[in-house]
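Trainee: coords below, sequence missing:
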């Protein structure tokens, strides 16, 4: 049955990914080489972010670069929207927890019912790799977040928020954060870039293993979104998606992921604005929304139960100049649809038995 079949009404689901650029509370040092936000800077940042969140009006917000969960709560409050569930594991501000330490974390805000939430820290054991100068790399720097959500008509959806290692060279530092290498040495810089590539590559492979576990022999849809720090056609993104095999291996479709922008409906207005980051004047898509075959019509006969209606890029602020109270990433939003569950069959009413004479 095709998603447009009027016999099966559709539920809509708005999902969005937002790299917030070091969202932290005022007066709190998050990186040793950066000043803490003043109260005035913090107010500007949460006001700006709240306005963007209001424009997105998404059912599911996947957020990255959050140092303090309380700061995200404040930004959501400025949006005027209501989210019953907000969580940034590892960045809590309760009791003895004082936000994220060392690196920012990813989180989620949603209107949907949350069945379960799990932060994925460790790689599968077989994926541990040695990174030159750093030793064994066996865990995510920013653990992805797996949320199992229940839509209002009962459909289950898995959502994974991710933030992969950046391309920024990984130079060696001492315990106090001081450099141990000559950053002006071009050969050292090449080795530092290789470290980042290895780390991002193995994180992509670990995400791929998670995708296979979530999709293999199930019909539960999956949305994986976030800051991939690489483009849709890159080796790391394709490693996660594995769509190159679907043309000749039908079984590969069960565990493949598709870029939502590429599979959105024919009626969608595909404007030439598909970029989410600008580096040295060059626009690129680093923030992506990937979907399983359940959202791809004709991906597999009879398997799809929904579609991607539209993908929007909120990136005008990237041309407003650098300001750390705004994000240096555009936000991406996708309007997805899923068929509502089939109504339970009604049992015929038995004929009335006439009373005995």
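Mentor: In hand now; what should we look at? Note that this is a predicted model, so its numbers are computed, not measured.
Trainee: just give me the longest helix of this protein.
Mentor: Determined from DSSP state H, the single longest helix within the chain is helix 186-215.
Trainee: list the buried residues in that helix.
Mentor: 188, 191-192, 195-208, 210-211, 214-215 (16 or more other C-beta atoms under 10 Å). Every C-beta, even on glycine, is put in place using the N, C-alpha and C of the backbone.
Trainee: with adjacent residues omitted, what lies nearest to residue 89?
Mentor: residue 119 (4.3 Å; C-beta to C-beta, 6 or more residues apart in numbering).
Trainee: how about residue 255?
Mentor: Residue 255 sits nearest to residue 215 (C-beta to C-beta, 6+ apart), 4.6 Å away.
Trainee: so who does that neighbour touch?
Mentor: 222, 254, 255, 292 (C-beta atoms under 8 Å, 6 or more residues apart in numbering).
Trainee: for residue 251, phi and psi?
Mentor: phi -70, psi -20 (degrees, to the nearest 10).
Trainee: pLDDT wise, what is it at?
Mentor: For residue 251, the model assigns a pLDDT of 80.
Trainee: what's the neighbour count on it?
Mentor: 10 (other C-beta atoms under 10 Å).
Trainee: same question, the one 10 residues further on
Mentor: The number of residues packed near residue 261 is 21, by other C-beta under 10 Å.
Trainee: can you check the pLDDT for the residue nearest to residue 255?
Mentor: For residue 215, pLDDT reads 95.
Trainee: residue 317 too?
Mentor: 86.
Trainee: could you find the closest non-adjacent residue to it?
Mentor: Setting aside the residues directly before and after it, residue 317 is nearest to residue 326 in space (C-beta to C-beta, 6+ apart), at 5.4 Å.
Trainee: show me what contacts residue 308?
Mentor: Residues in contact with residue 308, defined by C-beta under 8 Å, 6+ apart, are 260, 263, 264, 265, 268, 291, 295, 296, 334, 335, 336, 337.
Trainee: want to try a markdown table for these, with pLDDT, neighbour count and secondary structure as columns?
Mentor: Shown next, in a markdown table, are the contacts of residue 308 (pLDDT from 0 to 100; neighbours: other C-beta atoms under 10 Å; DSSP: H, G, I helix; E, B strand; the rest coil):
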| residue | pLDDT | neighbour count | secondary structure |
| --- | --- | --- | --- |
| 260 | 95 | 25 | helix |
| 263 | 91 | 20 | helix |
| 264 | 89 | 22 | strand |
| 265 | 80 | 15 | coil |
| 268 | 61 | 15 | coil |
| 291 | 97 | 26 | strand |
| 295 | 94 | 30 | helix |
| 296 | 91 | 24 | coil |
| 334 | 97 | 26 | strand |
| 335 | 96 | 20 | strand |
| 336 | 97 | 27 | strand |
| 337 | 94 | 19 | strand |
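Trainee: closest one of those to residue 282?
Mentor: residue 260 (22.6 Å; C-beta to C-beta).
Trainee: quick one: that closest one and residue 224, what's the gap?
Mentor: Taking C-beta to C-beta, to the nearest Å as the measure, residue 260 and residue 224 are separated by 10 Å.
Trainee: show me the helices in the protein, by range?
Mentor: Using DSSP H, helices in the chain cover 39-56, 69-79, 186-215, 235-241, 260-263.
Trainee: who touches both of residue 260 and residue 224?
Mentor: 289, 290, 291.
Trainee: show me the contacts for the second one.
Mentor: Spelled out, it's residue 290. Going by C-beta under 8 Å, 6+ apart, the list of residues near residue 290 reads 223, 224, 225, 240, 241, 257, 258, 259, 260.
Trainee: can you flag the buried ones in those?
Mentor: Judged by 16+ other C-beta under 10 Å, buried ones among those: 223, 224, 225, 240, 241, 257, 258, 259, 260.
Trainee: go ahead and confirm residue 87 touches residue 118.
Mentor: No - contact between residue 87 and residue 118 fails when scored by C-beta atoms under 8 Å: they sit 11.0 Å apart.
Trainee: follow-up on the earlier one: ok, the residue nearest to residue 89 - contacts?
Mentor: Counting by C-beta under 8 Å, 6+ apart, residue 119 makes contact with 89, 90, 143, 144, 145, 146.
Trainee: what about 7 Å?
Mentor: The contact partners of residue 119, by C-beta atoms under 7 Å, 6 or more residues apart in numbering, come to 89, 90, 143, 145.
Trainee: just grab the bridge partners of the nearest residue to the last one once chain neighbours are set aside for me.
Mentor: It stands for residue 145. Leaving aside its chain neighbours, residue 145 sits nearest to residue 161 (4.5 Å; criterion: C-beta to C-beta, 6+ apart). When assigned by DSSP bridges, residue 161 has beta-bridge partners residue 145, residue 225.
Trainee: now residue 168: closest residue in space that isn't a chain neighbour?
Mentor: That would be residue 196: by C-beta to C-beta, 6+ apart, it lies 6.3 Å from residue 168.
Trainee: from residue 171, how far out is that neighbour?
Mentor: 10 Å.
Trainee: and for residue 351?
Mentor: 83 Å.
Trainee: and if you look at residue 154?
Mentor: Distance from residue 154 to residue 171, by C-beta to C-beta: 50 Å.
Trainee: also residue 329?
Mentor: Distance from residue 329 to residue 171, by C-beta to C-beta: 23 Å.
Trainee: give me the low-pLDDT residue ranges for this structure?
Mentor: 1-7, 266-273, 275, 278-281, 299-304, 344-347, 349, 352-357 (pLDDT under 70).
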